[in-house]
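In: generate coordinates for the sequence data below:
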Amino acid sequence: MRGKIPWLFFVICISGCTDPNNIGNDADIHDSGFITDSDTENIQDSGSDADSDFDSNRDNDGDGYLAPEDCDDNDASINPEAEEICDGIDNNCNIQIDEGFDTDADEYTSCGGDCNDSSADIHPEALEYCNGTDNDCDGIIDNDCICHCPGGGCICVPGSERYCDTPEFSLWGRQTCIDDGHRWGSCGEIPIPSVCSHTESWYSPAGVECCVESGLCCQDMWDYDGDGESWDSVGSCNAISCE
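Out: As a prediction, the model looks like this:
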């Protein structure tokens, strides 16, 4: 009898001592409260989804618009219903910047450096012409400028206008400088400008005088400047020199 007791103890120990916590399989492990690798992944996935839901529902700047539709959720003045202002920023989140502020449609706004938003020929990066104007908006007039007439002979700025005497009946007219700057185009009849309404006819010294004194660009019909020419221009004109 004594020789059999150790063997019985060994058998009992194998079944009871190899698993001191009496955990028999994965199911028992799970039930016992231990966390498996798959459980860890499920917890991480659950946490990630929760963070995502939180992000899509936040309103950091308190402007009433959630992050997905608010293009800057850290600035309450920027949201889908904000007023667009000329500041180089998409204020109303429509993926456009300063829309409605480019008056001359040259793709530059006044807040974007356009020093004359009423002329498409004047803006940053425009060619600087020798015309008494800061064409490229760098604050300097006619620096390293290009002459419209490289060989000389320009009498006017292409596209500019002046008041003139119509060929018939000596009526008020207006003409445009042609593209090469060498001459003025035809003189088309227009009503007498309101600033000179007292002048009945252009064909008189009073007509040219009123035109000049009103700050307009005018044909020097009566040699107002005394240079012996009657086809040149006087008044507020953008004369250009290509000497």
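In: would you map the helices across the protein?
Out: Taking DSSP state H to define them, one finds helices in the chain at 5-17, 26-32, 37-55, 205-213.
In: which secondary structure elements does the last one contact?
Out: The one in question is helix 205-213. Of the remaining helices and strands, those touching helix 205-213 by 3 or more C-beta pairs under 8 Å, 6 or more residues apart in numbering; DSSP states H and E are strand 217-219, strand 233-235. From N, CA and C alone the C-beta is placed, and that goes for glycine too.
In: give me the low-pLDDT residue ranges for the chain?
Out: Within the chain, the segments meeting pLDDT under 70 span 1-56, 199-200, 203, 239-243.
In: break it into its domains for me.
Out: In the domain annotation for the chain, the residue ranges read 56-101, 161-235 (automatic domain parsing).
In: can you say which of the ones you listed is packed in most?
Out: Highest mean neighbour count among these (mean count of other C-beta atoms under 10 Å): domain 161-235, with a mean of 17.
In: how long is that one end to end?
Out: End-to-end distance of domain 161-235 (C-alpha to C-alpha, to the nearest Å): 12 Å.
In: and stretch 165-183, by the same measure?
Out: End-to-end span of stretch 165-183 (C-alpha to C-alpha): 15 Å.
In: and C111, how far from D138?
Out: Plainly put, C111 is 17 Å away from D138 if you go by C-beta to C-beta, to the nearest Å.
In: possible to save the helices and strands packed on helix 205-213 as a markdown table with distance to D75?
Out: Converted to a markdown table, the helices and strands packed on helix 205-213 look like this (distance: least, C-beta to C-beta, whole Å):
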| stretch | distance to D75 |
| --- | --- |
| strand 217-219 | 47 |
| strand 233-235 | 50 |
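In: indicate which one of the ones you listed is closest to C130.
Out: Smallest distance to C130 across the helices and strands packed on helix 205-213 (C-beta to C-beta): 16.3 Å, for strand 233-235.
In: the closest one packs against which elements?
Out: If you count contacts as 3+ C-beta pairs under 8 Å, 6+ apart, strand 233-235 packs onto helix 205-213, strand 217-219.
In: list just the one of the ones you listed that sits closest to H182.
Out: H182 lies closest to strand 217-219 among the helices and strands packed on strand 233-235, at 15.9 Å (C-beta to C-beta).
In: pull the residues that contact the closest one.
Out: For strand 217-219, contacts defined as C-beta atoms under 8 Å, 6 or more residues apart in numbering pick out 160-165, 175, 184, 187, 208, 211-212, 224, 230-238.
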